[in-house]
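Colleague: this is a predicted model, with the sequence first.
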Amino acid sequence: MANPLPLEAEVGVIGAGAMGAGIAQIAAQAGHRVHLFDTRMGATDQATTKIGEALVGLAAKGKLARADADAAIARIVPVHALGDLVSAKLVIEAIAEDLDVKRKLLRELEVVVVPEAILASNTSSLSITALAAGLKHPGRVVGMHFFNPAPVLPLVEVVSGLATRSETAAVVYETAKAWGKVPVHAASTPGFIVNRCARPFYAEALRLLAERAADPATLDAVMREAGGFRMGAFELMDMIGHDVNYAVTQSVFDANYGDRRYAPSLVQRALIDGGRLGRKVGKGFYDGVPVPEADAPSATEPAGPLTLHGEGPLATLLEAWLAARGIGFSRVPVSAWTGIKTPAIELRITDGRTAIHVAAETHQGELAVIDIPAGVPSPGKAPGLAIAFASSASPAARDNAVATLRACGWQPRELRDVPGLWAARTLAMLVNEGADAVSQGVCDEAGADTAMKLGTNWPAGPFEWLQRFGIEALVAVLDHLHATTRNERYRVSPLLQQRLWAQRFVTRR
């Protein structure tokens, strides 16, 4: 096991913007002397002042002893030439996200620092292999990707290129831990872990909007209420900035040679062309910040006797949900579908097909599909649950379905009858992307879960969702989406396919 960088080792930080200043603050608080460099006149002095104000503010709130704050401030030294970093044992660059500019800087650094010094890049998407190419000592180049704001967010992606020595990555990993961060190892592939695995969250929301499933406010409400996400995708894209979000998607798409899973959206492109870049200009999907919708009142009485159909993880979730709320039901464990039946209508958990598709195949007109029950209840608020009706469903059956869901403790959100609704479709894609990342050696399962929860503040990681909802159900959603749309983006990861076959083999023995 490698040791972290010793406290007596000096750290160099290049780039005194928000990210560079945040990294400098972290290293100084950990006890290192930090040399902060920037080519912009006065940038390092301004950054040092802001870091000091931030540390004094933490002390005023009781989160840091004032003596420790003063000591950390004293350890940050603005420097005005790369040559001043000669004694640094770790240099972290946090400059513009431009491959040529970063490579030029690394070549200049190589003749300044000793051969044993580690050169780390805070790049969020550029290839570490490409950054190290042509250097005399490429094995000491590694990615050390912090998330903004660096002093607050815990995740650090430690990214290894083809030439990165394992000892280099191990030292950076242990150093990040010693600095109070949660590091994860990642291979240098487009988007690393977080920016890659997060793409379906935005992409499926944009596709649902393009398919007119609902308006942005309704879809965002579903994501918050049904998925447990702190923000819906449209709110989040408005906050990030559509130019920035689109550029990341485009870079991952290009780096993967046009893989349709990462294709940018014409909907988002139109916003950019129209100057609707999000909150920074006061308009995006919303004009300003969206106002959360008020919860509709819940019914208190079930709309008739209920029968729970199905077996497996989703049926178990439904059974536990109803039992916890004192809702009486009978049980049909061996069934071709999973969901709830009332005397008026069948409420089937979506398998990726539309309600009218299922109705046509089963000759059952009074039918609706409901989403995967992914929401977690919070005090005074019912989790959302998306529902879509077959066009053949009568008004009375529709009213019965809504009343039933409310009586069971959900807040129904009606969507247009699109394949996969929201949670089943999006969570299956997020799981699939995580599985592909593991299959391709980008990270391990624990790293994928940790990275996505800490880097994006998701309520769970892809493999936690896989465990909760079951591989059979999620693969069925992807297979039906692929069959319905003929879009290769919904192809199932080889890792999920192998695990599904292995599970079926064990079950049948």
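Modeller: Great, that's in hand. Worth saying up front: this structure is predicted, and the values here are computed from it rather than measured.

Colleague: buried residues, stretch 239-259. List them.
Modeller: Neighbour-count burial for stretch 239-259, counted by 16 or more other Cβ atoms under 10 Å, picks out 240-242, 245-246, 248-249, 251-253, 255-256. C-beta: built from backbone N, CA, C; applies to glycine.

Colleague: next one: stretch 375-389
Modeller: Neighbour-count burial for stretch 375-389 [16+ other Cβ under 10 Å]: 375, 382-389.

Colleague: then stretch 455-468?
Modeller: 455-456, 458, 460-466, 468.

Colleague: for it, give me every contacting residue.
Modeller: 147, 153, 155, 157, 193-194, 197-198, 201, 227-230, 313, 317, 374, 376, 427, 430-431, 433-435, 445-446, 448-453, 474, 496 (Cβ atoms under 8 Å, 6 or more residues apart in numbering).

Colleague: same thing with stretch 232-251?
Modeller: 124-125, 190-191, 195, 199, 201-206, 209, 216-217, 219-224, 231, 262, 264-265, 268-269, 271-272, 276-280, 284-286, 289-290.

Colleague: and those residues, which of them are buried?
Modeller: 124-125, 190-191, 195, 199, 201-206, 209, 216-217, 219-224, 262, 264-265, 268, 271-272, 276-279, 284-286, 290.

Colleague: from L7, how far off is the closest residue to R66 other than its chain neighbours?
Modeller: Excluding its sequence neighbours, the residue lying closest to R66 (Cβ to Cβ, 6 or more residues apart in numbering) is A59, at 4.3 Å. Distance, A59 to L7, by Cβ to Cβ, to the nearest Å: 21 Å.

Colleague: for the stretch 401-509 of the chain, which spans come out with low pLDDT?
Modeller: Applying pLDDT under 70 to the stretch 401-509 of the chain picks out residues 507-509.

Colleague: helices of that one, start to end?
Modeller: Under the criterion DSSP state H, counting those that start in this stretch, the stretch 401-509 of the chain contains helices at 423-439, 445-456, 462-469, 471-485, 494-508.

Colleague: the second one to helix 462-469, inter-axis angle?
Modeller: In terms of direction (axes from the mean of the first three to the mean of the last three Cα atoms, to 10 degrees), helix 445-456 departs from helix 462-469 by 100 degrees.

Colleague: may I see the buried residues of helix 445-456?
Modeller: So, applying 16+ other Cβ under 10 Å, buried residues of helix 445-456: 445, 447-456.

Colleague: equivalent analysis for the last one, please.
Modeller: Buried residues in helix 494-508, counting neighbours by 16+ other Cβ under 10 Å, are found at 495-497, 500.

Colleague: list the residues that contact A59.
Modeller: By Cβ under 8 Å, 6+ apart, the neighbours of A59 are 65-66, 68-69.

Colleague: just to revisit the earlier point, from the buried residues of stretch 375-389, pick the one nearest L481.
Modeller: A388 (14.3 Å; Cβ to Cβ).

Colleague: now that closest one, nearest residue through space, not along the chain?
Modeller: In space, A388 is closest to D417, 4.3 Å off (Cβ to Cβ, 6+ apart).

Colleague: please report how far the one you found lies from I387.
Modeller: D417 is 10 Å from I387, by Cβ to Cβ.

Colleague: sec struct for R331, please.
Modeller: Three-state call for R331 (DSSP: H, G, I helix; E, B strand; the rest coil): strand.

Colleague: that one - how many residues pack around it?
Modeller: 12 (other Cβ atoms under 10 Å).

Colleague: is it true that it touches L308?
Modeller: Yes. R331 lies in contact with L308 (Cβ atoms under 8 Å); the separation is 5.4 Å.

Colleague: can you list residues touching both of those two?
Modeller: Joint contacts of R331 and L308 (Cβ under 8 Å, 6+ apart) are E319.

Colleague: inside helices: which ones of the buried ones among the contacts of stretch 232-251?
Modeller: When the buried ones among the contacts of stretch 232-251 are checked against helices (DSSP state H), the matches are 195, 199, 201-206, 209, 216-217, 219-224, 268, 271-272.

Colleague: what's the spacing between the residue nearest to A388 and I92?
Modeller: 51 Å.

Colleague: what about the two, which has more around it?
Modeller: For D417 versus I92, neighbours defined as other Cβ under 10 Å are more numerous around I92 (26 against 21).

Colleague: number of residues surrounding the nearest residue to the more buried one once chain neighbours are set aside?
Modeller: In space, I92 comes closest to A120 once its chain neighbours are excluded; the distance is 4.6 Å by Cβ to Cβ, 6+ apart. Neighbour count of A120, defined by other Cβ under 10 Å: 27.

Colleague: from F229, how far out is A205?
Modeller: Using Cβ to Cβ, we find A205 at a distance of 10 Å from F229.

Colleague: which residues are common contacts for the two?
Modeller: By Cβ under 8 Å, 6+ apart, the residues touching both A205 and F229 are M223.

Colleague: now the nearest residue in space to T485 that is not next to it in sequence: how far from V248?
Modeller: Counting by Cβ to Cβ, 6+ apart, T485 lies nearest to P419, which is 6.9 Å off, once chain neighbours are set aside. Per Cβ to Cβ, P419 is found 26 Å from V248.

Colleague: which pLDDT value goes with A382?
Modeller: You'll see A382 listed with a pLDDT of 82.

Colleague: I meant to write A374 there.
Modeller: Predicted confidence (pLDDT) for A374: 88.

Colleague: and if you look at T362?
Modeller: pLDDT, read off for T362, is 95.

Colleague: identify the residues contacting the nearest residue to Q440 once chain neighbours are set aside.
Modeller: In space, and not counting its chain neighbours, Q440 is closest to T189: 6.8 Å by Cβ to Cβ, 6+ apart. When contacts are counted by Cβ under 8 Å, 6+ apart, T189 is found next to 196, 437, 440, 442.

Colleague: filter those residues down to the buried ones.
Modeller: 196, 437, 442.

Colleague: isn't the last one up against P190?
Modeller: No. Look at V442 against P190 with Cβ under 8 Å: they stay out of range, at 9.6 Å.

Colleague: which neighbours do the two share?
Modeller: By Cβ under 8 Å, 6+ apart, the residues touching both V442 and P190 are R196.

Colleague: what residue ranges in the stretch 151-300 of the chain score low on pLDDT?
Modeller: Those would be 289-300, if you go by pLDDT under 70 across the stretch 151-300 of the chain.

Colleague: can you show me the strands along it?
Modeller: 155-160, 182-187 (DSSP state E, counting those that start in this stretch).
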